[in-house]
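*Asks:* below is the sequence, then the predicted model.
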Amino acid sequence: MVEEHTCESSMKIDMVKVKFLARKYVNKIRRNPKISLNFFIGDIYDDLKVEINVSTAWRAIKAVGYLLYGNENQQFVRLWSYAKELLDTMPGSTVITKLDEQKFMRIYICPEPLKRELFSGCRRFICVDGCFLKGAFNGQLLAAVAHDADNGIYPIAWAVVEVENTESWKWFIKLLKEDLHMDRQPKSWVLMTNQQNSELLDAEHRLCIKHLHAKWSKRFPKKMMKDLMWKAATAANVKYFKYRMQRIKNVSVDAYKALDGIERKK
């Protein structure tokens, strides 16, 4: 029998309580909310000599978030505080919320510093697009961005809406137009969209070729057609554009008609 043990004890416990870990490490995660799972697992082992798996660590960190900020439903109560904080720290910003029978429906945010710097360092070329939100309540994120002096993406305004449709886009672009006073010199703006209806009728409009191709390629999926379309879209002048469109027509009259029927400039 060995009377003296020199090996280090170790316990791997799969059933360690997530709530226990959340309460014990709430202050540590509050100070370092971006702690990695591996570091968190290492801290638990150093403190408790207990090994946990990645799933348990992730659920514990998520539980800490609930302790600090509440669950998804409770976080909506903080929405008004969030809006007030934005307005207090960035006077001149725009924060607009819309309710549906006392339930959250939409929020629009346009920070004042972004509006101010847009006019001093960016071209008046705005792209708008939307994407799905994945979470407890889904919805859509709508955003308007410009290009800065380094040709990088420059955010201007964004909104969370219940669904992406004509009405929600009109609501978003109407607020954006008011924020940027776009109706004062509408012809000085260029707006790139995914064929959304715009409240800014006098601005020059452009269509996003990526979205346009995604729809067009469902009918004409061949790579050759994609290459021809992109060459037409990137034509440097009208003469070269017509030449490229004729190449498309020579290959497929239907493909040509589908593109030629799209309004290139509103």
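*Replies:* Received, thanks. Numbers count the residues shown, from 1 in each chain.

*Asks:* domains for the chain, by residue range?
*Replies:* Following automatic domain parsing, one finds the domains of the chain at 11-69, 76-207, 211-260.

*Asks:* just put those in CSV and tack on mean pLDDT and mean neighbour count.
*Replies:* For every residue, glycine as well, the C-beta is placed using N, CA and C. Listed next are the domains of the chain as CSV, based on pLDDT from 0 to 100; neighbours: other C-beta atoms under 10 Å:
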stretch, mean pLDDT, mean neighbour count
domain 11-69, 86, 15
domain 76-207, 86, 15
domain 211-260, 86, 14
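
*Asks:* surely residue 131 is in contact with residue 139?
*Replies:* No - using C-beta atoms under 8 Å as the test, residue 131 is too far from residue 139 to be in contact (10.3 Å).

*Asks:* which neighbours do the two share?
*Replies:* Here residue 131 and residue 139 share no contacting residue, scored by C-beta atoms under 8 Å, 6 or more residues apart in numbering.

*Asks:* got phi/psi on the spatially closest residue to residue 16 that is not a sequence neighbour?
*Replies:* Distance criterion C-beta to C-beta, 6 or more residues apart in numbering; nearest residue to residue 16, sequence neighbours excluded, is residue 52 at 5.7 Å. Residue 52 adopts backbone torsions of phi -120, psi 160, taken as degrees, to the nearest 10.

*Asks:* just checking, residue 52 touches residue 41?
*Replies:* Yes - look at residue 52 against residue 41 with C-beta under 8 Å: they come within range, at 6.0 Å.

*Asks:* where do the helices sit along the protein?
*Replies:* Secondary structure of the chain (DSSP state H): helices at 18-24, 26-31, 37-48, 54-69, 72-75, 79-89, 112-121, 166-180, 209-216, 223-233, 238-251, 253-260.

*Asks:* from the centroid of the chain, which residue is nearest?
*Replies:* For the chain, residue 141 is the residue whose C-alpha lies nearest the centre (C-alpha atoms, centre = their mean; 5.7 Å).

*Asks:* let's have the helices of the chain in a markdown table, adding distance to residue 96.
*Replies:* A markdown table is the format used below for the helices of the chain (distance: least, C-beta to C-beta, whole Å):
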| stretch | distance to residue 96 |
| --- | --- |
| helix 18-24 | 35 |
| helix 26-31 | 31 |
| helix 37-48 | 38 |
| helix 54-69 | 23 |
| helix 72-75 | 19 |
| helix 79-89 | 9 |
| helix 112-121 | 14 |
| helix 166-180 | 6 |
| helix 209-216 | 27 |
| helix 223-233 | 35 |
| helix 238-251 | 40 |
| helix 253-260 | 38 |
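
*Asks:* relative to residue 191, which of those helices is closest?
*Replies:* For residue 191, the closest of those is helix 166-180, at 8.1 Å, according to C-beta to C-beta.

*Asks:* next, the angle helix 112-121 makes with that closest one.
*Replies:* With axes from the mean of the first three to the mean of the last three C-alpha atoms, to 10 degrees as the basis, helix 166-180 and helix 112-121 are set at 70 degrees to each other.

*Asks:* what's helix 166-180 in contact with?
*Replies:* Against helix 166-180 from outside (C-beta under 8 Å, 6+ apart): 94, 96, 98, 106, 108, 110, 115, 118, 126, 128, 130, 140, 142, 144, 156-157, 159, 161-162, 182-183, 196-200.

*Asks:* verify the stated contact: residue 130 with residue 140.
*Replies:* Yes - using C-beta under 8 Å, residue 130 makes contact with residue 140 at a distance of 5.1 Å.

*Asks:* find residues that contact each of those two.
*Replies:* Counting by C-beta under 8 Å, 6+ apart, the contacts common to residue 130 and residue 140 are residue 164.

*Asks:* which stretch among the helices of the chain comes nearest residue 192?
*Replies:* Evaluated with C-beta to C-beta, those place helix 209-216 nearest to residue 192, the distance being 9.5 Å.
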